[in-house]
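J.: I need the structure of the sequence given here:
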Amino acid sequence: EVAIRQNAALQTSANVQWEAAQKELAEFKTYLSQQEPQLDKARALDVQLVENRKQLAESQKEAALALQAKDNLHQSVCKTEKDISLLMEKQTALQTWFERYTAYSQLIPAVELITSLLTNLEMARAQSVSNRQLLDKVKKASEAEEQRLKSVQQEAERLNRLLPAEVLLLREQLEECPVCGSFHHPMREQTNVQSLQEEELNRAKEQVAKETEQLKNTLNARQLEMARLSALIENYVAQVDDTLKKVETYVSIIPNWKDLLEQGTLKHYVQQFGRQWNARLQEQTEIKEALTSKSAQRDSLKKEEANAIGLYEEKKQKEERQQAELNERARLRSSLLNGESTETVVATHARRQKELEQQLEKAMNLHHSLTVQAESYKGQTAQMEKELVRLTAVLQQDELKRKRMPSWNNCFPKTKAGYWLRNKRWAH
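T.: Residues are numbered from 1 along each chain as shown. Coordinates of the predicted model:
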């Protein structure tokens, strides 16, 4: 009976636990069904958040690229404006230089003509100097030849005074002059006069005459050459003067042109200045073209920069909108499931449901075990009651026999059942 009462108490407690476990599991399943919409919403928000983060990353990348493009264009605009500023400074310097040498503008078109005139002037001067030197040489040669002619003429006179040796011999033997009849001829007294053979004398005279003729011809040629050279020199001098006047009409704007001309550097100066003028003029033209090009490039870059700024602002606004949308969805998501991930929540729910199912199963098993035990106790009680009835009948029979016996106590068997029956008897 104690065991039955204890089992009944345990069974009652097991029933309470089982019912509580069933209720808790049912409530949890109800909670799960109530949480399912939140889970679905959380899952949808999670997908949207992933997509939002992806879109935001793309927008941030696009905004960064747009910012970089805007900055690059701004740097290009600044560089172009700096280039334009430098070009304008160069243009101003060139304009100042041309204003300084404005008077030289008439000189530039005539540079080649001036160069040609100066070249002709140099050549005329060189030819004049060369011809003067040649004239001096011809004069010196003519003077030498004149001296030689005088010597040859003197030699001819000397030879003409000479008599052949045969004539001198006859003169010495002459007593009466066949011409005048005088016995005292002056030629007779000239015994010291040089004498040559007639043939030799004639040959010497012939040689002298020939040389004299050659010298006269040479002197005539010298005279003609000197006349020719003098005429050339006069022509060159006239050419120099004429050329110098023409040069002066062009180079008179150069302050020290005469000094440069005397130094022989005027042509180099004019050529160098012409090259410098043309180079600066070419540079000025190139600068104008570069300014036009750079200005157009700057305007184009500014338009591109304005477009880039608009694109950057558009990308930035898109990024801000997506960031705000992401923040709002993140806020909404944090309000669901306590901000935990759906995987964590589902795992927690599954773990809790498993715990509750295990708890229910445990309570159910305990209830079943106690129920089985109670049934076992019922069976045992029924058997014991049957045994008690049987034993009661036996006792009654034994009572009848005891009455016939001297001592009743000695009639009970010395067993547990006998002890119980004896106590039962005395109790009655």
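J.: C-alpha from now on. contacts and neighbour counts both.
T.: Will do.
J.: Give the rounded mean pLDDT of stretch 141-154.
T.: For stretch 141-154, mean pLDDT is 85.
J.: mind listing what's buried in that stretch?
T.: By neighbour count on 16 or more other Cα atoms under 10 Å, the buried set for stretch 141-154 is 142, 145-146, 149, 152-153.
J.: same deal with stretch 66-85?
T.: By neighbour count, and taking 16+ other Cα under 10 Å as the criterion, the buried residues in stretch 66-85 are 66-67, 69-70, 73-74, 76-77, 80-81, 83-84.
J.: quick one: which of those sit in helices?
T.: Among the buried residues of stretch 66-85, the residues falling in helices (DSSP state H) are 66-67, 69-70, 73-74, 76-77, 80-81, 83-84.
J.: And the host helix or strand of residue 353, what does it pack against?
T.: Using DSSP states H and E, residue 353 maps to helix 342-403. The contact analysis (3 or more Cα pairs under 8 Å, 6 or more residues apart in numbering; DSSP states H and E) places helix 342-403 against helix 2-100.
J.: on contacts alone, who are the packing partners of the helix it packs on?
T.: Using 3+ Cα pairs under 8 Å, 6+ apart as the contact definition, the elements that helix 2-100 packs against are helix 266-335, helix 342-403.
J.: Between these, which one is closest to residue 127.
T.: For those, proximity to residue 127 was assessed by Cα to Cα; helix 266-335 is nearest, at 18.2 Å.
J.: How far away from the center of its chain is that closest one?
T.: From the chain centre to the centre of helix 266-335 is a distance of 16 Å (Cα atoms, centre = their mean, to the nearest Å).
J.: cool, and stretch 124-133?
T.: Relative to its parent chain, stretch 124-133 has a centroid offset of 63 Å by Cα atoms, centre = their mean.
J.: which of the residues in that stretch are buried?
T.: When neighbours are counted by 16+ other Cα under 10 Å, the buried residues of stretch 124-133 are found to be 124-125, 127-128, 131-132.
J.: how about the residues you listed in a markdown table, adding pLDDT and secondary structure?
T.: Formatted as a markdown table, the entries for the buried residues of stretch 124-133 read as follows, by pLDDT from 0 to 100; DSSP: H, G, I helix; E, B strand; the rest coil:
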| residue | pLDDT | secondary structure |
| --- | --- | --- |
| 124 | 85 | helix |
| 125 | 82 | helix |
| 127 | 85 | helix |
| 128 | 84 | helix |
| 131 | 86 | helix |
| 132 | 88 | helix |
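J.: Take those residues and write them to JSON lines, including distance to residue 62.
T.: Compiled in JSON lines, the buried residues of stretch 124-133 are given as follows (distance: Cα to Cα, whole Å):
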{"residue": "124", "distance to residue 62": "81"}
{"residue": "125", "distance to residue 62": "81"}
{"residue": "127", "distance to residue 62": "83"}
{"residue": "128", "distance to residue 62": "86"}
{"residue": "131", "distance to residue 62": "89"}
{"residue": "132", "distance to residue 62": "91"}
